[in-house]
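Undergrad: requesting a structural model of the entry that follows:
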Amino acid sequence: MPGKNNNNETSLASRKAALNILLSVLRDDGKSLSSLTHLTENIDARDAAFARMLSFGVLRFYQQLQALLKPFIKKPLKAKDIDVQLVMLMAVYQIMYSRVPEFAVVDSAVQQIRKSKKKWAASMVNAVLRSFLRQIENKDLQEVIGGLESEEAIYSHPQWIINRMQEDWPDSWREILQANNQQAPMTLRINLQQTTVDDFIAELEKDFEISAEKISGIPTAIKLEQARDVKQLPGYNKGWFSVQDAGAQLAAQILQPKAGDYILDACAAPGGKTAHMFEMQADITLTALDISQSRLQRVEENCQRLGFKPKLITADVTEVEKWWDGKQFDKILLDVPCSAVGVIRRHPDIKHLRWDEDIETLVQLQRDILLKNWQLLKPGGFLLYATCSLFKAENEQQVTWFLQQNEDASLVDLTNVVSLAAGQESAAPGLQLFPVSGDNDGFYYALLQKA
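TA: Numbers count the residues shown, from 1 in each chain. Predicted coordinates:
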């Protein structure tokens, strides 16, 4: 099929790792992909990369792959045999989206089952996959997908996400969902205290033969033509760059830290925005707070590599009385917990770990965080409300509600602050970024000033 990526068949170890990742995400106690890196630590780098590609791919196209496979399974598998089903889904994903020869894909799937505790299923897996191959013979990718009937299968998203996108963005929901299913580029934030964007790109191309390009409107952002191990890039240990999506880099650009500012990064982990504020202005005092000690340790490690020392506090951001010393902040960054549907292309597990009923819970938590932290802001100070969501309930509707509740809050116009060329739409209020351009993920920003 056209439009496939080059991937060679790798060892059984990589397929087993991919299966274990999928099982960990899709079972009732679903775990996030970011918590499962240990599952690829004990296999070589090539196999680990293949395992991640395969598991991410199945999670990205899960609803579509399920719909393609279902007609060929005569007797539904029991819940305890989800591993057998996932082996077949991995095979269907490879057949649809990779250049691995189809016979090799089927053979690998059958061998994986034969070497498991489910040997009884080997003949069934073989028959199902060969029937699927006969069905799609001489058809291209779009023709096969075009035969699907449900929106879930066509767009590879849970129906509740599709419904909310249709309601919030009736003119662009299809483009948003399609963008969510693309692989995100590897984007770097260049530390302008250490080097320039032009010099870094020249270094990549001259000495490392890596192509990269600037991203319009984001003065610190570049994207690599192909993802690389960050530790193999120039200046990693010297703090020349960090990995961060272009849209996320707007937070510090909007907040504009000035010399002497006393700043709170209220939900700081993993620390990209914390470090970026220091890079823009080293002469600041910054408190980085997060509820998770282990995640806050990542903030410390990231800032340490770059040479910055924020004050670290492990606490619940809503329990202000337990951690606040009474000194008000000049600026506050509230990158609040959210549905994260704007970063699905980087984290396809979000499709499987979030539920429609979660949104109301998140909305109430976001309101609590906003109200509690507003009192920590100096008169005349600025608070940046940020999410990586595309849902209006978490974004513009939330800020509209807050402005109605607080007469001392006013909205700052961002049109002169942000010049992002693609994927941008003014919300009412605030600024909404979409992943459709390919240059950035989906983010929302609203800058509030205290009277």
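
Undergrad: how does the chain divide into domains?
TA: The record's domain parsing of the chain by automatic domain parsing lists 12-150, 187-243, 255-450.

Undergrad: tabulate the ones you listed (TSV), appending distance to Trp173, mean neighbour count and mean pLDDT.
TA: Bear in mind the C-beta positions are built from the backbone N, C-alpha and C, glycine included. Formatted as TSV, these follow (distance: least, Cβ to Cβ, whole Å; neighbours: other Cβ atoms under 10 Å; pLDDT from 0 to 100):
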stretch	distance to Trp173	mean neighbour count	mean pLDDT
domain 12-150	16	17	94
domain 187-243	24	17	94
domain 255-450	10	19	94
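
Undergrad: report all helices and strands that the helix or strand containing Gly380 contacts.
TA: Under the criterion of DSSP states H and E, Gly380 resides in strand 377-387. Packed against strand 377-387 by the contact rule (3 or more Cβ pairs under 8 Å, 6 or more residues apart in numbering; DSSP states H and E) you find helix 250-255, strand 329-335, helix 356-374, helix 396-405, strand 444-450.

Undergrad: can you put the ones you listed in JSON lines and add distance to Thr40?
TA: As requested, the helices and strands packed on strand 377-387 are exported to JSON lines (distance: least, Cβ to Cβ, whole Å):
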{"stretch": "helix 250-255", "distance to Thr40": "30"}
{"stretch": "strand 329-335", "distance to Thr40": "28"}
{"stretch": "helix 356-374", "distance to Thr40": "28"}
{"stretch": "helix 396-405", "distance to Thr40": "37"}
{"stretch": "strand 444-450", "distance to Thr40": "32"}
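
Undergrad: Ile73 is nearest to which of these?
TA: For Ile73, the closest of the helices and strands packed on strand 377-387 is helix 356-374, at 27.7 Å, according to Cβ to Cβ.

Undergrad: closest one to Val25 among the helices and strands packed on strand 377-387?
TA: Across the helices and strands packed on strand 377-387, closest to Val25 is helix 356-374 (Cβ to Cβ), at 16.1 Å.

Undergrad: which helices and strands does the closest one pack with?
TA: Judged by 3+ Cβ pairs under 8 Å, 6+ apart, helix 356-374 is in contact with helix 159-168, strand 329-335, strand 377-387, helix 396-405.

Undergrad: give me the angle between the shortest one and strand 377-387.
TA: Read that as strand 329-335. In terms of direction (axes from the mean of the first three to the mean of the last three Cα atoms, to 10 degrees), strand 329-335 departs from strand 377-387 by 20 degrees.

Undergrad: mind listing the helices for the stretch 201-350 of the chain?
TA: Counting by DSSP state H, counting those that start in this stretch, one finds helices in the stretch 201-350 of the chain at the ranges 250-255, 272-280, 293-306, 350-353.

Undergrad: nearest to Arg174, out of the domains of the chain?
TA: Going by Cβ to Cβ, the one of the domains of the chain nearest Arg174 is domain 255-450, 10.0 Å.

Undergrad: distance between the ends of that closest one?
TA: 14 Å (Cα to Cα, to the nearest Å).

Undergrad: and that domain, how far out from the chain's middle?
TA: 16 Å (Cα atoms, centre = their mean, to the nearest Å).

Undergrad: ok, for Arg305, nearest residue in space, not its chain neighbours?
TA: Distances taken as Cβ to Cβ, 6 or more residues apart in numbering place Gly239 nearest to Arg305, at 5.6 Å, with adjacent residues excluded.

Undergrad: close enough to count as contact, the one you found and Cys303?
TA: No: the criterion here is Cβ atoms under 8 Å, and Gly239 misses it with Cys303 at 9.6 Å.

Undergrad: what ranges do the strands span in the protein?
TA: Using DSSP state E, the strands of the chain run over residues 187-190, 212-214, 221-224, 241-243, 262-265, 285-290, 311-314, 329-335, 377-387, 409-411, 424-426, 431-433, 444-450.

Undergrad: and those as a markdown table, adding distance to Gln249?
TA: Formatted as a markdown table, those follow (distance: least, Cβ to Cβ, whole Å):
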| stretch | distance to Gln249 |
| --- | --- |
| strand 187-190 | 5 |
| strand 212-214 | 12 |
| strand 221-224 | 5 |
| strand 241-243 | 10 |
| strand 262-265 | 14 |
| strand 285-290 | 17 |
| strand 311-314 | 22 |
| strand 329-335 | 13 |
| strand 377-387 | 12 |
| strand 409-411 | 22 |
| strand 424-426 | 14 |
| strand 431-433 | 11 |
| strand 444-450 | 11 |
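
Undergrad: for the ones you listed, which one sits closest to Lys231?
TA: That would be strand 241-243 among the strands of the chain, by Cβ to Cβ, at 11.1 Å.

Undergrad: done for today, thanks.
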